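**Q** Here is a sequence with its predicted model. Questions after.
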Number of protein chains: 2
Amino acid sequence: MNGAESLVRTLIASDLNVCFTNPGTSEMHFVAALDKIEGMRCVLGLFEGVVTGAADGYFRMTGKPASTLLHLGPGLGNGLANLHNAKKARSGIVNIVGEHASHHLKYDAPLTSDIEGIARPMSHWIKTSPSSHDIAADGALAVEAARAAPGQIATLILPADTAWNEGTAPVTARLAPARTLVSSEAVRAAAAALKQPDAALMMGGIGVRNPAMELAGRIAAKTGCKIISEYNSARTERGAGRVISNRVPYVVDLALKTLAGFRQIVLVGAKAPVSFFAYPDKPSTLAHTECTFTKLAGIEEDIVGALEALADELGARATPPAHVATLTPPALATGKVTLDGIAAVLGALIPENAIVVDEAVSSGRGFAPSTTHVQPHDWLTTMGGAIGFGLPTAVGAAIGAPGRKVLSLEGDGSAMYTLQALWTMAREQLDVTVVIFANRSYNILRGELAAVGAGTPGQRATDMLTLDRPNLDWVAMARGHGVEAGQATTLDELATQLKRGLATSGPYLIELVF
Amino acid sequence: MNGAESLVRTLIASDLNVCFTNPGTSEMHFVAALDKIEGMRCVLGLFEGVVTGAADGYFRMTGKPASTLLHLGPGLGNGLANLHNAKKARSGIVNIVGEHASHHLKYDAPLTSDIEGIARPMSHWIKTSPSSHDIAADGALAVEAARAAPGQIATLILPADTAWNEGTAPVTARLAPARTLVSSEAVRAAAAALKQPDAALMMGGIGVRNPAMELAGRIAAKTGCKIISEYNSARTERGAGRVISNRVPYVVDLALKTLAGFRQIVLVGAKAPVSFFAYPDKPSTLAHTECTFTKLAGIEEDIVGALEALADELGARATPPAHVATLTPPALATGKVTLDGIAAVLGALIPENAIVVDEAVSSGRGFAPSTTHVQPHDWLTTMGGAIGFGLPTAVGAAIGAPGRKVLSLEGDGSAMYTLQALWTMAREQLDVTVVIFANRSYNILRGELAAVGAGTPGQRATDMLTLDRPNLDWVAMARGHGVEAGQATTLDELATQLKRGLATSGPYLIELVF
C-alpha cells in the first residue's frame, strides 16, 4: 500500500469519513486511494472556498472533523477565508494539501510556494509529512489535533512522493481527551457574581446549545440574571422549548445600549464583548465601564460541567428554566418587502428541525424577534466575518445532518464570493433552500461609510458599494449551476417561493428583489 | 487631509491611476478618499481573485502597477492565488489591505488575523504602515517596490486609524532604477555557446516580446541557433511579422523530445526548463543530460541591452531575422469539434492586435501551430499555475489596453474559480470575448492520473474529475452576470459565435460544448 492509501485508511480508521475535495495533479495518488478504498464520502467543490466552508458546516452539525483535499499553496490560499471562519468558530478540520514531490521543490516550478507559510495564519497545527513511512502516523496526529476541544484546524501537507512511495499500516487516532474541568473557585466566583444585581450570563461556544442553555435557564430562573450571547455563534439552538439567548447587537450603539444595564457578566464559553470593527470616537469594548467580568469557562473547557456545578452551587439544578421560547410564530406578512416582513415570513414558515445558515448581513440583523417563538431549529452564523461563508457552510451542514432542511439566508454581495457552492448542492442533491436578499448593493458598507464618519458617498464610492449596472440575475445563475430557482418581489411571493423551496427535495434558490 | 487621502494622492502623484477594489468597513476612508480625489479609475470586483488577477493583467499590458484594495486578512486570502500567478509573472502590483485600527487589534475581533503572515508567501515587499504620518511615504515606497524590475508584489497594510487620522502631504515615488546591464563576460560566453552545434536561445520575461525577439531572430539567422521559450509566458508577441518562439511543451515526454537535440542553451530572461509537476520515474529537469546552460540575462536584467551586445558580438545586428511568421492563417475548419479544428477557427479569426488570455488548459495545448502565421497579437498565459487566472487577467488586460480586443480562452473547470469576473466585464463594458471549452471535466487531471501511474479512475475518482451531474450552463451563468452569451456545438457554430463576439462592443461569452 502506498503512502496515499495508508493515509486514507488512517483517516477512515479514525472515524473521518467525509472528504471535501478540489484536487489537482499532486493529489492524484490520494484521489486514486479514495477511489480504491471504501468508507470515505467524497464531495467535489468547484472552488476551494466551497470545500473549506463545507468542512466548517459539517463540523458544526456533527462535532466531527471532515477532511479537505486542496491543491498546493494556491488551492489552500483559495480556501483560507473560510478556514479563517472555521478557525474562529473552533471547528475541527483536517486539511490535506498536496505538495510537489520533495526532490522537485528545488527547481521552483510554477506552482511552488511556501505552503506552510500560507497555512500558518489559519491553522492551529501544521506538518509537512516527510515520507511515506510517516504519513499514517502524521495523519493520525492531524485528526487528533483537529479533535482537540472545541476543535482545531489541522493542516497536513502531503508531498507527492510521500503519497506514491510505499507506506505503512494505517494508524488510528486516539480519542480526544475530555474537556478540562473548571475550578471550584471559578464556580463560586460565578455564583457570587450572579447574586449581585444587574447580572447576566454571557454564552458562547457550545454554551448556546443544549444542555448548556437549559442549565443557563435554570440559573436565570433562580437568580434573576439575564442571558445574553455573542453576536456570532457557530450554532445556536433556538425556537420553541429552548431557552432564549439574546445576541449582543452588531451595531456599536445598540450593543452599548443592550449592555449598559449590566454590572456583572459571567462568561460561559464567550469572550467579553468587543465591537466587530473599530470606529473613530467609539469604544472597542462594549460593556459598561463599571461592569465586572467573571470567567466561568473558556470555549475549550467543560462548559456543561461548569454550568452543572454552578447550578448546584446556586441550588438551581431542578428549577424550571426561565426565558423559554413558546411556539407562537408570527402571522405571514404580506405586501411590499420590508426587513420586518421578511422576518415574519421566515418565522411563520421555518420548518421544525431546520438548520438556518445566516449570511444575510445587513438584511438579517433584525430577524431575531420574529424567529424566536417558532419551530425549533439551529442557527449558524459566521464567526470570522470573512464573506462567502454561507453557501459552503450550508453544503457541509446538509451533508452533516441528512434529513434536516437547510435554509441558507444570503446577501447578494456575500453570496457572490462562493456561488460555486450551488453546483455542489445540485450534484449532491442537498436539501437546501437558499434565499438571496437581492438589494443590489453592499448595503452594510453604506452604513459603515457613515459609521466611520467618511461622509455621503459620491458617484465613485457609490459604484464601489452597489451591485447594479448590470443587476445580477440570481435565477439565471442558479440554473446555470443546475439549481432550480424563482424570483420574489413581494412578501406574498416570498412566502409562495419559500413554501415551494421547502417542499422541494433538493436545492432551490429564491431571489428576493427589494 | 487624512491618511487615506494622503495615500490616494501619493499613488496618483506616482502615476498609479487604476485601483481594482473589493472594499469592506476597514477600507471606508480609503473609499471616501477615492471618491473625493480625481485621478483614480476604480474598478469593482465581486471577489478578490478578480481584483488581484486584473491587476496582473493590467501590468502585463501596461508595464505599470495598479493598486488593489482588499478587506483585511480573508480578503487578501481570497486574492492570494492570483497574486501567486502575478508574482511568478513578475508583475508589479501595490496591494492596499485594510486592517483594524491599531488599538482594536488586541481585542481579537472576528476579522482579526495575521495579515503580514498571509501576505508573506505571495509578496516581495510588505509593510504595515504605523501611522497616518507615515502612510504617504510608505505608499511611495510600495510603488517603488512594485516597480523594481521586472515587477514586484508590494503589500501595504493600512490600519483604519492610519487612514482616518491626519496625514501629510503626498509623496511621489521615485522612478525605478534602470535594469542591470549584463557583463561582457556573459555576452562573450553566450556568443561562444551559440557558435557550437545544436544551440538554442531560450527566451523568457520580456525576452518574448519585441525588440528582444527581433534581436533573437537576427542572432538565429546569423548562427543557425533555434529559438525556444518557456511553456508559460506573461506576454508573448506572436503572429505575422514577429519572430517565432517555440514553447517547450507541458507534457514531460514531449518536452524531453523537443529539447533532446540541444547541447547548448543560452538563457535570456528564462530559467533552465523544469517539468511543471514531478512524476514517478520521470526527470524534473528537461534538457539532455549533456546540455550546457549559459545565462546571458536574468529576468530582472537588461535583456534588450544584452541581446544588442550579443548581436554586436556576433555581427548580427543588421542580419535580417530568421523564423519570422508570415500572414498565412489557416482556413476555417468546419464540422465536428476537434482540438485542431478549434485551433484553426481561432487562427482564422483572431483579429489584428488582439490580446489572447489563455487558460484553456488541456484544450489549448495544441493551439500554437494554427495560431502562428496569423494576425499579430499578444498571448498571455498563467505563470504560476494557480487556476482561475484567465477571466480576471482578461479584465485587467482590457482595462490596460483599451481599443484592443481581448480573447479569453478558458477551460470550464478553470473558469469556475473566478467566474465573478464576468460581472466586472459587463459593468465596465470591456471588449472581451470569452470562449469556454466545456468538456465537462477537469480533463487535465484524467491525463495526470495516468501520468502519475495512479491507474484508471473508478466511479469515485471519476466523480472528482468531472463537472457533469449537473452540467454547468455557461450561457445562463454569463447572462446571470450581465454578459450576453451563445452556445456552439460544432466548429461552424464556433466560427459564427466567434464572429459575433468579436463584432460586439463589450463582453460576449461562447460556450463551446464538446
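**A** Here it is on my side, so go on.

**Q** Show me which residues of the stretch 201-350 of chain A sit near chain B.
**A** The stretch 201-350 of chain A has residues A:232, A:271, A:274-278, A:280, A:284-285 near chain B, with proximity defined as CB under 8 Å from any CB of the partner chain. The C-beta positions use only the backbone N, C-alpha and C, and glycine is treated the same way.

**Q** Buried only: go through the residues you listed for me.
**A** With burial judged by 16 or more other CB atoms under 10 Å in any protein chain shown, the buried subset of these is A:232, A:271, A:274-278, A:284-285.

**Q** how much space between the residue lying farthest from the centre of chain A and residue A:339?
**A** The C-alpha centroid of chain A is most remote from residue A:107, which lies 39.3 Å away (CA atoms, centre = their mean). Going from residue A:107 to residue A:339 by CB to CB, to the nearest Å gives 56 Å.

**Q** related to what we said a few turns ago, possible to save the buried ones among the residues of the stretch 201-350 of chain A next to chain B as a markdown table with secondary structure?
**A** Below are these laid out as a markdown table (DSSP: H, G, I helix; E, B strand; the rest coil):
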| residue | secondary structure |
| --- | --- |
| A:232 | coil |
| A:271 | coil |
| A:274 | strand |
| A:275 | coil |
| A:276 | coil |
| A:277 | coil |
| A:278 | coil |
| A:284 | coil |
| A:285 | strand |
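
**Q** any idea where the helices of the stretch 151-300 of chain A begin and end?
**A** For the stretch 151-300 of chain A, the helices defined by DSSP state H, counting those that start in this stretch occupy A:160-164, A:184-194, A:212-223, A:252-259.

**Q** List the residues that contact residue A:300.
**A** Counting by CB atoms under 8 Å, 6 or more residues apart in numbering or on different chains, residue A:300 touches A:90, A:148-150, A:179-180.

**Q** gap between residue A:367 and chain B?
**A** When distance is defined by CB to the nearest CB, to the nearest Å, residue A:367 is 19 Å away from chain B.

**Q** now that residue: how far from residue A:34?
**A** Using CB to CB, residue A:367 is found at 40 Å from residue A:34.

**Q** just residue A:412 next, same as before
**A** From residue A:412 to residue A:34 the distance is 35 Å (CB to CB).

**Q** So if I had to pick from those two, which one is more boxed in?
**A** Using other CB atoms under 10 Å in any protein chain shown, the more surrounded residue of residue A:412 and residue A:34 is residue A:34, with 29 against 24.

**Q** Mind telling me what element that one is part of?
**A** Assigned by DSSP states H and E, residue A:34 belongs to helix A:28-36.

**Q** got it, and residue A:410?
**A** strand A:406-411.

**Q** what distance separates the helix or strand following that strand from the centre of its chain?
**A** Of the helices and strands lying after strand A:406-411 in sequence (DSSP H and E), the nearest is helix A:412-415. Centroid separation between helix A:412-415 and its chain, computed with CA atoms, centre = their mean, to the nearest Å, is 16 Å.

**Q** cool, and stretch A:276-291?
**A** Counting by CA atoms, centre = their mean, stretch A:276-291 comes out at 25 Å from the chain centroid.

**Q** Just the C-alpha atoms of it, please, in CSV.
**A** Only the C-alpha atoms of stretch A:276-291 are listed here, as CSV (Å, rounded to 0.1, in the frame of the first residue of the first chain):
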residue,chain,number,x,y,z
PHE,A,276,-16.7,43.9,15.2
PHE,A,277,-14.9,46.9,13.8
ALA,A,278,-13.3,50.0,15.4
TYR,A,279,-14.9,53.4,14.7
PRO,A,280,-13.5,56.8,15.4
ASP,A,281,-14.7,58.0,18.7
LYS,A,282,-16.4,54.8,19.7
PRO,A,283,-15.1,52.2,22.2
SER,A,284,-13.8,48.8,21.2
THR,A,285,-15.2,47.2,24.4
LEU,A,286,-18.9,47.2,24.7
ALA,A,287,-19.9,46.8,28.3
HIS,A,288,-20.5,49.5,30.9
THR,A,289,-17.1,50.8,32.2
GLU,A,290,-18.1,49.6,35.7
CYS,A,291,-19.1,46.1,34.6
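
**Q** average pLDDT across it?
**A** Averaging pLDDT along stretch A:276-291 yields 93.

**Q** do stretch A:462-477 as well
**A** 95.

**Q** Quote the end-to-end distance of it.
**A** 24 Å (CA to CA, to the nearest Å).

**Q** in that stretch, what counts as buried?
**A** So for stretch A:462-477, counting by 16+ other CB under 10 Å, buried means A:462-467, A:470-477.

**Q** Run through who's touching that stretch.
**A** Applying CB under 8 Å, 6+ apart, the contact partners of stretch A:462-477 are A:412-413, A:415-416, A:419, A:422, A:436, A:438, A:440-443, A:445-446, A:449, A:457, A:485-487, A:509, A:511, B:21, B:23, B:31, B:34, B:42, B:44, B:46, B:423, B:426-427, B:476-477, B:479-482.

**Q** Only C-alpha atoms, please: export the helix holding residue A:34 in PDB.
**A** In PDB, the C-alpha atoms belonging to helix A:28-36 read as follows (Å, rounded to 0.1, in the frame of the first residue of the first chain):
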ATOM      1  CA  MET A  28      -3.800  12.200  -7.900                       C
ATOM      2  CA  HIS A  29      -2.500   9.300  -5.800                       C
ATOM      3  CA  PHE A  30      -4.700  10.500  -2.900                       C
ATOM      4  CA  VAL A  31      -7.700  10.500  -5.400                       C
ATOM      5  CA  ALA A  32      -6.700   7.100  -6.600                       C
ATOM      6  CA  ALA A  33      -6.600   5.900  -3.000                       C
ATOM      7  CA  LEU A  34     -10.100   7.400  -2.300                       C
ATOM      8  CA  ASP A  35     -11.300   5.600  -5.400                       C
ATOM      9  CA  LYS A  36      -9.900   2.200  -4.300                       C
END
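
**Q** Now it: average pLDDT?
**A** Mean pLDDT, helix A:28-36: 94.

**Q** which strands and helices sit next to it?
**A** When contacts are defined as 3 or more CB pairs under 8 Å, 6 or more residues apart in numbering or on different chains; DSSP states H and E, helix A:28-36 sits against helix A:3-13, strand A:18-21, helix A:160-164, helix B:443-451, helix B:459-465.

**Q** Nearest to residue A:77, out of those?
**A** Closest to residue A:77 of the helices and strands packed on helix A:28-36 is strand A:18-21 (CB to CB; 16.3 Å).

**Q** Not counting sequence-adjacent ones, nearest residue to the residue of the stretch 301-450 of chain A found nearest chain B?
**A** Chain B sits closest to residue A:386 of the stretch 301-450 of chain A, with a gap of 3.4 Å, by CB to the nearest CB. Once flanking residues are discounted, residue A:386 sits nearest to residue B:74: 3.4 Å by CB to CB, 6 or more residues apart in numbering or on different chains.

**Q** so that neighbour makes contact with residue A:384?
**A** Yes: counting by CB atoms under 8 Å, residue B:74 touches residue A:384, with 6.9 Å between them.

**Q** what residues are shared contacts of those two?
**A** Common contacts of residue B:74 and residue A:384 (CB under 8 Å, 6+ apart): A:84-85, B:111.

**Q** what about the nearest residue to residue A:417 once chain neighbours are set aside, which SS state?
**A** Excluding the flanking residues, the one nearest residue A:417 by CB to CB, 6+ apart is residue A:388, at 2.9 Å. Under three-state DSSP, the three-state class of residue A:388 is coil.
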